[in-house]
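A.B. asks: Give the three-dimensional model of this entry:
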Amino acid sequence: MKEQPDSAGVLILAAAILSAGLGASAVGQPREDPESIAPPAESWLATANQGSPPPRFDAFTAWTGTRMIVWGGGTDDFRSVGTGGAYDPEANSWTAVNPVNAPVAREAATAVSTGDRMIVWGGFRENGLVNDSIHRTLLADGGIYDPDADAWTAVSAIGAPAARCNHTAVWTGSKMIVWGGFSQDTFEGLTGALGTGGIYDPVANTWQPTSIVGAPSARALHTAVWTGEKMIVWGGNTGHHSILGDGGMYDPESDSWTPVSVSGSPAARALHGAVWTGSRMVVWGGEVKDGEDATNTGGVFDPVEDVWAPTPISGAPVARTHFVMVELGGRVIIWSGELKSGDDTDTGGIYDPETDAWTATTRTGAPVLRDRATGVSTGAAMIAWGGIADDKELNTGGIYNPPFAIPPPIVPCVPTAPRDCVIVAPVGQPVKVKPRGP
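C.D. replies: Got it, this is the predicted structure:
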C-alpha cells in the first residue's frame, strides 16, 4: 500500500443536511415523534459503476442537497488527482465534473458544502517520485464548484492563509473557516505544523485571518466541527512525533478562542474522527501513538458545560484509522478503515449518544473492505465511496440506510408547492405522501 503517514485519514461531516432532496425531508408538516415512526430496514445499496470517476483514495466530498460531489484525491503511483464526479443517488447515476478552470490536482486538502456548492482549498500536489523521493507542492489556493452550472470559480488568493495540507475547514452557514495543518515538505515527511487560519467569505471572495491570541498550539491531522456558533478544534499531531489531546473553541463573531477542558478528555490522538450531533461533539478512533496503536475509544464533549464523557468500549467497532465517520439523526456512523493489523475492514458501528450504546452496522450488501474511503451524510443515509484495498484504488461505493427512523426537518411550503406535501424516505424505501391540510 502507498505509504502516506501524513495524509488525512478520515472524512468528517459535522451536520445533517436540512435541504430538500435525498433523505427524510418534510414540507409544511409538523415534526413527527421519533417513537411513532416505524424504523426502516437497514440496508446497503451499491453506487453505480458506470460513469463513476477514476479510482482514488482520500477524495474530497460535499453533499449539495441532491448530489454528492467527489473531487481530487491520491493514487498509488504518487500522483494527485484533479478530476471528479457528481453522484445523484435518486437516479443512481454519475456525471463528470467539468475540468475547465478547476483547481490543480491535489490531496490532503479540505472541502466544505455551502448547501448548493463545494469549496475546495489547500492541500498538496503530488508529482510522482523524484530521485526516489516523493515530491509534493503545498498549495494556498482553491475553487468553488457549482454543480447546477457545472462550473468552477477561483477562490481569491489575496489575504489567504499560508499554503498548508492536512488542515481542517468548517462551514458556518455563510463563511468557511480554515485552521491548522502542515506547512513544510521535507525528506522526513510533512512538518511545520501551523496554529493559524483564515475566514473566507465566498460572496465577497475575501479572506480575513483568525486570531492567534489564545489559539490552540500548532497542529495538523486534527479535527474540527461547527456547533452553529463556534468551531471546536481538537487533537492532532505537531509534526514532531507528538500527539495532542487538547483543543479550543473559536468564535468568529468575537474573533476569540477559549480552551476545551482537558478534564476527562479522551487520550491524545490523531487521524481520528469527530462529528457534531446537534448538541455535542463526538470524538472516536484514530492513533494514540505516532504511527502506532489504533484505538476504539472516544469521548463526548458538551461545549455549554465544557465537560467530557467517555464513549463505551462495549459493542464499539474494532480499533482503526482512515475510516468514514458521519452524523445521521443525532447518531454517529462509523464504517471501513485500517485495523491495527494493517488489514482493511468492511465493518462499522452506530453510536447513540442518548443511550450511550453501540450497535454494529450490517455487512450484508456492504461495499468491499477498504480504508481511506470518503463519505457524506445526506441527512437520512450515508454514502461511502472510493478508497484503497490490497494496494488497489477503488471507484466503488454504497448507500447505507440505517435501522432507525430520522424525523424529517420542518421546511415551509413554498407558494408554488402542491397542496400535497411529500416526505421522501431513504433511498430504496417507499415514498410517503401526506396531505398538507387546509
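A.B. asks: Could you report the neighbour count for Gly264?
C.D. replies: By other CB atoms under 10 Å, the residues close to Gly264 number 11. (Glycine included, C-beta is placed from N, CA and C.)
A.B. asks: With Asp141 instead?
C.D. replies: 18.
A.B. asks: I'd guessed it sits against Pro161; true?
C.D. replies: No: with contact defined as CB atoms under 8 Å, Asp141 and Pro161 do not form a contacting pair (10.8 Å).
A.B. asks: got the buried residues for stretch 171-181?
C.D. replies: Trp171, Thr172, Lys175, Met176, Ile177, Val178, Trp179, Gly180, Gly181 (16 or more other CB atoms under 10 Å).
A.B. asks: Other residues contacting that stretch?
C.D. replies: 110, 112-114, 119, 121-122, 161, 164-170, 193-203, 210, 218-220, 222, 224, 226, 228, 231, 233, 236, 250, 252 (CB atoms under 8 Å, 6 or more residues apart in numbering).
A.B. asks: who touches both of Asp141 and Pro161?
C.D. replies: With CB under 8 Å, 6+ apart, Asp141 and Pro161 have common neighbours Gly122.
A.B. asks: And the contacts of stretch 352-359?
C.D. replies: Against stretch 352-359 from outside (CB under 8 Å, 6+ apart): 277, 280, 282, 300, 309, 311-312, 314-317, 330-332, 349-351, 403.
A.B. asks: Give the residue spans of the chain that score low on pLDDT.
C.D. replies: The chain contains residues with pLDDT under 70 at 1-38, 131, 187-188, 290-291, 408-438.
A.B. asks: 80 - rerun?
C.D. replies: 1-39, 128-134, 186-189, 240-241, 290-292, 407-438 (pLDDT under 80).
A.B. asks: coming back round to it: just the ones of the buried residues of stretch 171-181 in helices?
C.D. replies: Among those, no residue falls in helices (DSSP state H).
A.B. asks: Let's have those residues in CSV, adding distance to Pro266.
C.D. replies: CSV is the format used below for the buried residues of stretch 171-181 (distance: CB to CB, whole Å):
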residue, distance to Pro266
Trp171, 25
Thr172, 25
Lys175, 29
Met176, 27
Ile177, 23
Val178, 24
Trp179, 20
Gly180, 18
Gly181, 22
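A.B. asks: and of the residues you listed, the nearest to Gly375?
C.D. replies: For the buried residues of stretch 171-181, the closest approach to Gly375 (CB to CB) belongs to Trp171, at 16.9 Å.
A.B. asks: gap between that closest one and Gly115?
C.D. replies: Applying CB to CB, to the nearest Å, the value for Trp171 to Gly115 is 8 Å.
A.B. asks: Need the contact partners of stretch 127-135.
C.D. replies: For stretch 127-135, contacts defined as CB under 8 Å, 6+ apart pick out Asp77, Phe78, Arg79, Ser80, Glu126, Arg136, Thr137, Phe187.
A.B. asks: Quick check: PyMOL command selecting the buried ones in these.
C.D. replies: Of the contacts of stretch 127-135, the buried ones can be selected in PyMOL as follows, counting by 16+ other CB under 10 Å:
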select buried, resi 78+80+126+136
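A.B. asks: Point out the ones among the contacts of stretch 127-135 that are inside strands.
C.D. replies: Of the contacts of stretch 127-135, the ones assigned to strands by DSSP state E are Glu126, Arg136, Thr137.
A.B. asks: And the residues you listed, which is closest to Gln50?
C.D. replies: Among the ones in strands among the contacts of stretch 127-135, Glu126 lies closest to Gln50 (CB to CB), at 28.3 Å.
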